[in-house]
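S.K.: starting from these lines, generate the structure:
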Amino acid sequence: MSRSRKKTNRKISFFPISLGLIVLAFRIINTNGTLYAQGSVLKAVLDASKSIVSITSEAGGIFGDRPQGAFDKSTGQILIFRKISPVYVSRTGAGFFIDSSGIIVTNAHTVQQAGRIKVVLHDGTQLIGSLIHLVPAMDLAYLQISLPNPIPPVILSDSDRSKLGDSVYTIGNSPVIKGSISGGQINGIGTSKTTPPEIAAGTALFQINFRLYKGDSGCPVFNQRGEVIGLISAQAAQGNLTYAIPSNLIRKGYREYLEKQSAPSDQK
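M.R.: Here you go, the predicted structure:
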């Protein structure tokens, strides 16, 4: 005798990095993460892969250790000196073009407070990027580079139209799976509880059953049409669950930058 299974949705509260209060509606989906997709889907994702870049941010500083003293016999004085130690920090991640003028979106935590940002294109070309806009509350950063040749940007989808159970794909950037396509499904969609009642609440976060590796932060999440529905955020990854920032928030952050650029100088 077969036993019927009752499908249920359960809601929990989740606090991502600086994104405010999010409510996630979860549906359990049985999948091992193996990619099953039609050739047209793979072609669309691979065509968009040329818009993905690798990012390395570098920062350095000088820090003083605990003060130390020594007795100078020639003068009879105690000399106080501080030991100086140089510190070098390097962070890696990914990003992708959202504008043909050379605008890249990535995670704020990858490039924030960086002294130098190196961007590697799909063909291996290395360029220096400039941080032009930062949205720490959404963990988003926007970079500008001078492209030697035009590179088509990704197509940003309407992330509010994505549904639980939708098949999604990403292209790895970490040394473990760099350039490989991984498939998964959306098994959690979060909406902000702080959205004013007069405004329709949009998608604030995706939960996807991708396995995340170091360096995959900032990779795009594609739908079956090869459009980007979100950007992976490594800070919110737990085990085989990965959280992604929706494309509509990426679009919102970029629109804020453009509005700021077009505003009169006394309002910037």
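
S.K.: dump the residue contacts of Ser57.
M.R.: The contact partners of Ser57, by CB atoms under 8 Å, 6 or more residues apart in numbering, come to Ser90, Arg91, Thr92, Gly93, Thr110, Val111, Ala114, Arg116, Ile117, Lys118. In short, each C-beta sits where N, CA and C put it, glycine included.

S.K.: any idea which element it lies in?
M.R.: Applying DSSP states H and E as the criterion places Ser57 in strand 52-64.

S.K.: tell me the mean pLDDT for that strand?
M.R.: In this model, strand 52-64 has a mean pLDDT of 78.

S.K.: if we can go back for a sec, now render the contacts of Ser57 as TSV, adding secondary structure.
M.R.: Output for the contacts of Ser57, formatted as TSV (DSSP: H, G, I helix; E, B strand; the rest coil):
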residue	secondary structure
Ser90	strand
Arg91	strand
Thr92	strand
Gly93	strand
Thr110	helix
Val111	helix
Ala114	coil
Arg116	strand
Ile117	strand
Lys118	strand
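
S.K.: which one of the residues you listed is nearest Arg225?
M.R.: Distance to Arg225 across the contacts of Ser57 (CB to CB) is lowest for Gly93, with 25.0 Å.

S.K.: run through the bridge partners of that closest one.
M.R.: Beta-bridge pairing for Gly93 (DSSP bridges): Ile55.

S.K.: quick one, what contacts it?
M.R.: By CB under 8 Å, 6+ apart, the neighbours of Gly93 are 54-55, 57, 106-107, 110-111, 173, 215-218, 234.

S.K.: look up how far Val168 lies from it.
M.R.: Taking CB to CB, to the nearest Å as the measure, Gly93 falls 19 Å from Val168.

S.K.: what's the answer for Glu256, then?
M.R.: Applying CB to CB to Glu256 and Val168 gives a distance of 26 Å.

S.K.: so between those two, which is more surrounded?
M.R.: More neighbours surround Val168 than the other of Glu256 and Val168, with 24 against 13 (other CB atoms under 10 Å).
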